[in-house]
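>>> Any chance you can model this:
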Amino acid sequence: MNLEDRVESCRTRAAAWLDSMVLEPGRPERVRFSSFHDPDRWPGMLLPAAYDAIHCRILLGSWRPEDSARAVDYLNGFQDADGAYRLPGMRPDSVYKGPDPERTREYVDLHATNYAWGAVRSLGGRERFRPAFLDRHLTPEGFAEWTSRRDWDDPWMEGNLVVNLGSFIVSWAEDGDVRAAACLPELFAWLDGIQDEATGFWGTRMESRRDILEAMAGAMHTYHLYYRTGREPRHLDRIAEHCISLARDELRPVTSACLDVDIVDVLANVHRLGLRRKEIEGILEEKLELLLDFQNPDGGFPDERGGILRFDGWVGGYWEPQGRSNCFATWFRCAAVAVASCILFPHTASTWKFRDTVGIGYYRNDRKAL
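The predicted model follows:
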């Protein structure tokens with residue numbers, strides 16, 4: 001079986017695995033996170049399971065439009081009155097992303113809300129409540145205060161925070177929100193002003209290869225804001241150089257679902273923008289073969305083979321053994337397969353439907369040369 005045919009087989013098998021996670025016949029939005037997940041004991045995981053599965057099904061082309069309205073209502077059932085989508089049972093004392101409790105809560109709320117809200121938008125729906133918990137950041141003073149609190153010693157986490165807030169700013173500006181539109185130039189002026197010229201990433205420490213790898217992972221998210229608004233990230237040649245080096249060394253084998261989609265996404269967009277195309281095609285072909293080899297026999301994908309998997313930040317909550325197929329890894333790895341396929345098999349690009357909002361799973365299919 002050639003590589004293109006293997007991709008098609010991967011799509012079919014992944015869609016079938018998602019079917020096997022459905023809790024009620026005819027309700028593809030109501031899924032378990034994995035075969036290990038007990039939804040009665042851990043109802044909170046029904047939210048990430050739902051948005052992961054919905055994003056993945058839309059990407060694969062296995063989502064039925066007639067199921068969309070009900071799925072929107074289901075996702076919106078997890079939304080609180082302040083507009084945040086939250087996991088039932090996730091208590092403040094069980095989450096941790098650093099010593100600052102406010103930063104931890106901000107991270108968890110933005111993380112779940114952008115993915116759930118993004119799924120609602122991709123389904124053609126609208127959220128039940130405006131995410132008003134973000135409105136305080138849309139004033140000049142509020143936005144300046146938010147940017148001043150960023151900790152660029154942790155660029156991977158900050159990249160997630162930036163893209164998750166930025167996704168709302170970009171989408172609301174597109175919707176005609178005057179305050180969000182006024183934030184856009186401030187957002188990019190701030191990002192351009194603190195971008196590291198030597199790497200094209202963001203971060204205050206670039207002393208080791210691990211520092212550079214983590215900065216790449218954070219930057220990948222931030223670049224999506226540029227792509228969505230028709231901007232080209234600055235220092236693209238430096239981005240290409242460092243990402244190609246990482247892809248040939250630390251990220252050459254299959255690693256985590258997050259890092260693999262990050263490096264594939266950055267390289268595919270460097271290629272799309274016209275740089276080092278032959279090199280990148282060779283790297284993506286090798287990576288794609290390894291990703292397809294990593295698919296489990298049941299058709300889903302694991303995050304990693306060993307250790308424990310937790311929902312990001314929920315350190316005192318749900319966990320399961322690594323190695324099992326789960327909705328998060330299946331979506332992220334299918335997204336990596338899809339993005340690589342758009343470069344290697346451009347005639348198939350229109351068969352993938354990427355998410356409509358900024359974040360993991362967003363990809364522009366247009367091809368542009370410098």
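
>>> for the stretch 151-300 of the chain, what spans make up the helices?
For the stretch 151-300 of the chain, the helices defined by DSSP state H, counting those that start in this stretch occupy 155-174, 178-194, 209-228, 236-248, 257-272, 277-294.

>>> same for the third one, what does it pack against?
In terms of contact count using 3 or more Cβ pairs under 8 Å, 6 or more residues apart in numbering; DSSP states H and E, helix 209-228 is assigned the packing partners helix 155-174, helix 178-194, helix 236-248, helix 257-272. (C-beta placed from N, C-alpha, C; glycine too.)

>>> Give the buried residues for that helix.
Residues 211-228 are the ones in helix 209-228 that count as buried (16 or more other Cβ atoms under 10 Å).

>>> can you redo the helices and strands packed on helix 209-228 as TSV with mean pLDDT, mean neighbour count and distance to residue 45?
Conversion of the helices and strands packed on helix 209-228 to TSV gives the following (pLDDT from 0 to 100; neighbours: other Cβ atoms under 10 Å; distance: least, Cβ to Cβ, whole Å):
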stretch	mean pLDDT	mean neighbour count	distance to residue 45
helix 155-174	97	23	19
helix 178-194	97	15	31
helix 236-248	98	19	32
helix 257-272	98	25	16
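
>>> and those helices as JSON lines, adding distance to residue 203?
Shown next, in JSON lines, are those (distance: least, Cβ to Cβ, whole Å):
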{"stretch": "helix 155-174", "distance to residue 203": "4"}
{"stretch": "helix 178-194", "distance to residue 203": "9"}
{"stretch": "helix 236-248", "distance to residue 203": "12"}
{"stretch": "helix 257-272", "distance to residue 203": "14"}
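
>>> Of all these, which one comes closest to residue 74?
Set against residue 74 and scored by Cβ to Cβ, those come closest in helix 155-174, at 21.1 Å.

>>> what helices or strands is that closest one leaning on?
Applying 3+ Cβ pairs under 8 Å, 6+ apart, one finds that helix 155-174 contacts helix 101-122, helix 178-194, helix 209-228.

>>> Now render those helices as JSON lines, adding distance to residue 365.
Putting the helices and strands packed on helix 155-174 into JSON lines (distance: least, Cβ to Cβ, whole Å) gives the following:
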{"stretch": "helix 101-122", "distance to residue 365": "15"}
{"stretch": "helix 178-194", "distance to residue 365": "23"}
{"stretch": "helix 209-228", "distance to residue 365": "11"}
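
>>> and residue 292, which of those helices is closest to it?
Taking Cβ to Cβ as the criterion, helix 209-228 is the member of the helices and strands packed on helix 155-174 that comes nearest to residue 292, at 21.5 Å.

>>> I'd like the average pLDDT over that closest one.
This predicted structure assigns helix 209-228 an average pLDDT of 97.

>>> What is the burial count for residue 147?
As a burial measure, the neighbour count of residue 147 was computed by other Cβ atoms under 10 Å and equals 17.

>>> which ones are touching it?
Going by Cβ atoms under 8 Å, 6 or more residues apart in numbering, residue 147 touches residue 190.

>>> Please apply the same query to the one 4 residues further on.
The contact partners of residue 151, taken as Cβ under 8 Å, 6+ apart, are 98, 103, 157, 158.

>>> How about the backbone phi and psi for it?
According to degrees, to the nearest 10, the main-chain angles of residue 151 amount to phi -110, psi 90.

>>> Contact partners for residue 269?
Neighbours of residue 269 in contact, by Cβ under 8 Å, 6+ apart: 223, 227, 363, 364.

>>> any idea which of those is closest to residue 330?
Once Cβ to Cβ is applied, the member of the contacts of residue 269 that ends up nearest residue 330 is residue 363, at 17.1 Å.

>>> So that closest one is in contact with residue 265, correct?
Yes. Contact criterion Cβ atoms under 8 Å: residue 363 and residue 265 qualify, at 7.0 Å.

>>> close enough to count as contact, residue 199 and residue 218?
No. The pair residue 199 / residue 218 is not scored as a contact, 11.3 Å apart, by Cβ under 8 Å.

>>> list the buried ones in stretch 116-126?
Buried residues in stretch 116-126, defined by neighbour count with 16+ other Cβ under 10 Å: 116, 117, 118, 119, 120, 121, 122, 123, 125.

>>> Stretch 339-352 too?
Counting neighbours by 16+ other Cβ under 10 Å, one finds that the buried residues in stretch 339-352 are 339, 340, 341, 342, 343, 344, 349, 352.

>>> Tell me where the model's unsure across the chain.
Residues of the chain meeting the criterion pLDDT under 70: 367-370.

>>> Residue 313 - how many residues pack around it?
Neighbour number of residue 313 under other Cβ under 10 Å is 20.

>>> For residue 103, see how far away it is.
Taking Cβ to Cβ, to the nearest Å as the measure, residue 313 and residue 103 are separated by 10 Å.

>>> what touches both of these two?
When Cβ under 8 Å, 6+ apart defines a contact, the residues bordering residue 313 and residue 103 alike are residue 97.

>>> List the contacts of the closest residue to residue 85 other than its chain neighbours.
On the basis of Cβ to Cβ, 6 or more residues apart in numbering, the spatially nearest residue to residue 85 that is not a chain neighbour turns out to be residue 116, at 3.8 Å. Contacts for residue 116 (Cβ under 8 Å, 6+ apart) come out as 47, 50, 51, 75, 78, 79, 85.

>>> how near is residue 116 to residue 72?
Distance check for residue 116 against residue 72: by Cβ to Cβ, it reads 10 Å.

>>> Okay, now stretch 143-156: how far is its last residue from its first?
20 Å (Cα to Cα, to the nearest Å).

>>> Save the helices of the stretch 151-300 of the chain as a markdown table, and put in distance to residue 42 too.
Shown next, in a markdown table, are the helices of the stretch 151-300 of the chain (distance: least, Cβ to Cβ, whole Å):
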| stretch | distance to residue 42 |
| --- | --- |
| helix 155-174 | 23 |
| helix 178-194 | 35 |
| helix 209-228 | 27 |
| helix 236-248 | 35 |
| helix 257-272 | 20 |
| helix 277-294 | 26 |
